[in-house]
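Here's my sequence, what's the structure:
(one chain, ligands or ions: 1)
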Amino acid sequence: TVLGVFVSGRGSNLQAILDAIHAGTLNASVGVVISDNPQAQAFSRLDGTGIPSLCIERRSFSSREAFETALADALESCKVDLVVLAGFMRLLGPVFLRRFTGRVMNVHPSLLPAFPGLDPQGQAIRYGVKLSGCTVHFVDEGMDSGPVILQQAVPVLPEDTTDTLAQRILEQEHLLYPLAISLYSQGRLQICGRQVKIIESEEV
Ligand code: GRF
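Numbers count the residues shown, from 1 in each chain. Below you'll find the predicted structure:
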């Protein structure tokens, strides 16, 4: 499975994916990393890997459609099978998603459908929940709204700040995202409406 990873910032999930590939627990390759942000720290994660990267900025295009066409064209020319959003801070619309139907994943640091959108860890603390976590899901046109693939809960502790909770959740993201991608690469994820069925490995 050839991955196209979309990043906007730090790139710790990209790092976790690269590490899982290196460790042999994820049978995939990263064909290209694309960022909408020329300053993304994530680019430095690619030093010495030989993995190509591209910066495609929204402001270089007169419309969202033209921007999304450029993203999809770049992925196709790199023969990408699965698009992995890893801290990509933009919503993708129909022009993009029509070309990668059922082939775009995201990780979000809450137990969806709780706390979609920005600052989910802060939202969790302000709400007062005792459990939060992370979700890997397929992407649709909504905000963090597509079919759920995997979730992992973590406790919210009384002394937590947004940062301490975010760190506890992030550790789980780094385990969960490579696992979800691995299930996809083994052909073990089946989307039926909103449900994602995980097929036992003997059945594949
Ligand atoms: C992660 O918390 C991810 O769940 C969210 O954005 C953050 C990205 O972090 N979508 P990183 O760039 O992977 O370090």
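
Tell me which stretches of the chain form strands.
For the chain, applying DSSP state E gives strands covering 2-7, 29-35, 53-55, 82-85, 104-108, 131-138, 148-155, 189-192, 195-198.

Ok, which of these comes nearest the ligand?
For the strands of the chain, distance to the ligand was read as CB to the nearest ligand atom. The smallest value, 4.4 Å, belongs to strand 104-108. All C-beta atoms are positioned from the backbone trio N, CA, C, and that covers glycine.

report the angle between the axes of that closest one and strand 131-138?
For strand 104-108 against strand 131-138, the angle by axes from the mean of the first three to the mean of the last three CA atoms, to 10 degrees is 170 degrees.

Mean neighbour count, distance to the ligand and mean pLDDT added to the strands of the chain, as JSON lines?
Below are the strands of the chain laid out as JSON lines (neighbours: other CB atoms under 10 Å; distance: least, CB to the nearest ligand atom, whole Å; pLDDT from 0 to 100):
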{"stretch": "strand 2-7", "mean neighbour count": "25", "distance to the ligand": "6", "mean pLDDT": "98"}
{"stretch": "strand 29-35", "mean neighbour count": "21", "distance to the ligand": "10", "mean pLDDT": "98"}
{"stretch": "strand 53-55", "mean neighbour count": "15", "distance to the ligand": "14", "mean pLDDT": "98"}
{"stretch": "strand 82-85", "mean neighbour count": "24", "distance to the ligand": "7", "mean pLDDT": "99"}
{"stretch": "strand 104-108", "mean neighbour count": "23", "distance to the ligand": "4", "mean pLDDT": "98"}
{"stretch": "strand 131-138", "mean neighbour count": "22", "distance to the ligand": "6", "mean pLDDT": "98"}
{"stretch": "strand 148-155", "mean neighbour count": "17", "distance to the ligand": "12", "mean pLDDT": "99"}
{"stretch": "strand 189-192", "mean neighbour count": "13", "distance to the ligand": "19", "mean pLDDT": "98"}
{"stretch": "strand 195-198", "mean neighbour count": "13", "distance to the ligand": "18", "mean pLDDT": "98"}
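
which parts of the top helix by length along the chain are buried?
Counting by DSSP state H, the longest helix found in the chain is helix 162-185. Residues 165-166, 168-170, 172-174, 176-185 are the ones in helix 162-185 that count as buried (16 or more other CB atoms under 10 Å).

Is it in proximity to the ligand?
Yes - among the residues of helix 162-185, 170, 173 lie within reach of the ligand under CB under 6 Å from any ligand atom.

burial of residue 122, as a residue count?
When neighbours are counted by other CB atoms under 10 Å, residue 122 registers 15.

ok, and the closest non-adjacent residue to it?
residue 162 (4.4 Å; CB to CB, 6 or more residues apart in numbering).

Please apply the same query to residue 54.
residue 34 (4.9 Å).
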